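Novice: Sequence first, then the predicted structure, then my questions.
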Amino acid sequence: MMKHLAWVLLLALTAALVPLSAQALEEDVYTIYDSHGEVLTRYCGECDTGDEYISGDNQHYRVVTVDEANQTAVAEHLGAASMPDVSWLDMDASVPVSATQRRIALYCTHSDESYVTGDGTESDEERGGIYDIAAAFAKELEALGVTVDLSEQTHHPHDAGAYRRSRQTAVELLKSQPNAIFDIHRDGIPDPDEYASTIGGEPVSMVRLLVGKSNQNNEANLSFAKQIKAVADSMYPGLIKDIYMGKGTYNQDLAPRSVLLEFGTHTIDKDLVLAATEPLANVVYKALFGGVTGSAGASDVSSRSSARDETPAQPASEDNAGWSWAIWLVVALVAGLGVFAFLSTGGRGAMRKWGRSFSEMTGGLFGKRPPKGE
């Protein structure tokens, strides 16, 4: 009886702690300061020493100290971030990058994420409002001619195991070899003004790009995120909030063009977030599929998935090997012809016959070409 009661109490305690752990994740909001004490940004999640940050004005910072008790951090200024050249956007007509397909995959790791103004709650354990944002983003991409694989799979609860569960979804989506894969989220920063922006005179929510540092694709993921921001800064200034590089993996080790998108925060009006899906779709399309080769994201980031988009250049060593093989083949044929000539004539006139054959074989390039009819 006592053993049964103990199990009941353990299950009850576990059930109580799960939502508390999810809530704790939502409430971990760090304020990051520069070395002068000015607020750089706020980050919802676990902030760690070594995290990096590229601000809206493309300044590069690295977190050097973290105060977990007060949820604050200090970042050193590393200088201006190295951003890709997107001057090709100003051309009258850009040359499209050739691709056998234009396909993008979308999924939502934190399936509960919602917007207070619009969904009536910040967290829905059945199906969060974040799926509406993902669907709107997919619709805008499809309008541009992109095939979109949008997963409706949920990964509840919002805890430390969410990325482990969503990893299976990402693996399944990658089987169709998309050009890029995005994990759709919303932030948990309390102040909606941190995401408020205006594009073309209309209010809109900004989008944060999040890249994990703990994976072998980090450089490619970051290059892709920078490409998206650079294109957005040119096409729709104020659309991309910033780029945060945390110590996590975020399943981005699965693909080199994988970025986590934070569409606003839970306190911003959901309609403003929906308004951001069209310009962001235009930006992603341009970053992936439009532009002069060497400037577009699809040609800047080398990847397994890009192998189907571009014909890889053959290494110079392979070209040299081809010429060497051809030369040795000619040498072997010439030697064989000489031996045959010698045997067929019993040695008499062998060299003359060999020379004549060699001259004919090389089109008169070597030796004296015999006159016609001889």
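Specialist: Sure thing, it's come through. Residues are numbered from 1 along each chain as shown.
Novice: Check which residues of the helix or strand where S234 lies are buried.
Specialist: Using DSSP states H and E, the element containing S234 is helix 218-235. Going by neighbour count (16 or more other CB atoms under 10 Å), the buried part of helix 218-235 is 218, 220-233, 235. From N, CA and C alone the C-beta is placed, and that goes for glycine too.
Novice: Tell me the one among those nearest to V29.
Specialist: If you rank the buried residues of helix 218-235 by distance to V29 using CB to CB, A225 comes first, at 21.8 Å.
Novice: Spatially nearest residue to the closest one, not counting backbone neighbours?
Specialist: Of all residues not flanking A225 in the chain, L209 sits nearest, at 4.5 Å (CB to CB, 6 or more residues apart in numbering).
Novice: Can you name every helix or strand that the helix holding S234 contacts?
Specialist: strand 207-212, strand 240-246, strand 258-265, helix 270-289, helix 297-300 (3 or more CB pairs under 8 Å, 6 or more residues apart in numbering; DSSP states H and E).
Novice: other SSEs contacting the third one?
Specialist: Which is strand 258-265. With contacts defined as 3+ CB pairs under 8 Å, 6+ apart, strand 258-265 has these neighbours: helix 130-143, strand 180-187, strand 207-212, helix 218-235, helix 270-289.
Novice: ok, 7 Å please
Specialist: Strand 258-265 is packed against strand 180-187, strand 207-212, helix 218-235, helix 270-289, with contacts defined by 3 or more CB pairs under 7 Å, 6 or more residues apart in numbering; DSSP states H and E.
Novice: can you redo these as JSON lines with mean pLDDT and distance to G200?
Specialist: Shown next, in JSON lines, are the helices and strands packed on strand 258-265 (pLDDT from 0 to 100; distance: least, CB to CB, whole Å):
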{"stretch": "strand 180-187", "mean pLDDT": "98", "distance to G200": "23"}
{"stretch": "strand 207-212", "mean pLDDT": "98", "distance to G200": "16"}
{"stretch": "helix 218-235", "mean pLDDT": "98", "distance to G200": "11"}
{"stretch": "helix 270-289", "mean pLDDT": "97", "distance to G200": "9"}
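Novice: give me phi/psi at S111?
Specialist: In this entry, S111 is assigned phi and psi values of phi -70, psi -20 (degrees, to the nearest 10).
Novice: E113 pairs with what?
Specialist: Applying DSSP bridges to E113 gives these bridge partners: S123.
Novice: counting contacts, what elements does the helix or strand harbouring G118 pack onto?
Specialist: In this assignment (DSSP H and E), G118 forms part of helix 116-119. Packed against helix 116-119, as judged by 3+ CB pairs under 7 Å, 6+ apart, are the following elements: helix 270-289.
Novice: in the helix it packs on, what's buried?
Specialist: For helix 270-289, the neighbour count (16+ other CB under 10 Å) marks 270, 272-289 as buried.
Novice: now the helices and strands packed on helix 218-235 in TSV, with distance to H158?
Specialist: Below are the helices and strands packed on helix 218-235 laid out as TSV (distance: least, CB to CB, whole Å):
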stretch	distance to H158
strand 207-212	16
strand 240-246	17
strand 258-265	15
helix 270-289	18
helix 297-300	30
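Novice: Just tell me which of those ends up closest to E52.
Specialist: Among those, the nearest to E52 by CB to CB is strand 240-246 (4.1 Å).
Novice: Name every strand pairing with the closest one and say which way it goes.
Specialist: Strand 240-246 has these strand partners (DSSP bridges): strand 52-54 (antiparallel), strand 207-212 (parallel).
Novice: winner for burial among those?
Specialist: strand 207-212 (a mean of 25; mean count of other CB atoms under 10 Å).
Novice: That one to helix 218-235, inter-axis angle?
Specialist: In terms of direction (axes from the mean of the first three to the mean of the last three CA atoms, to 10 degrees), strand 207-212 departs from helix 218-235 by 170 degrees.
Novice: Can we start the residue count at 24 from this point?
Specialist: Fine by me, first position is 24 from now on; the one you just mentioned is strand 230-235.
Novice: neighbours around the closest residue to Y130 other than its chain neighbours, how many?
Specialist: With sequence-adjacent residues excluded and distances taken as CB to CB, 6+ apart, Y130 is closest to S174, at 4.1 Å. Neighbour count of S174, defined by other CB atoms under 10 Å: 18.
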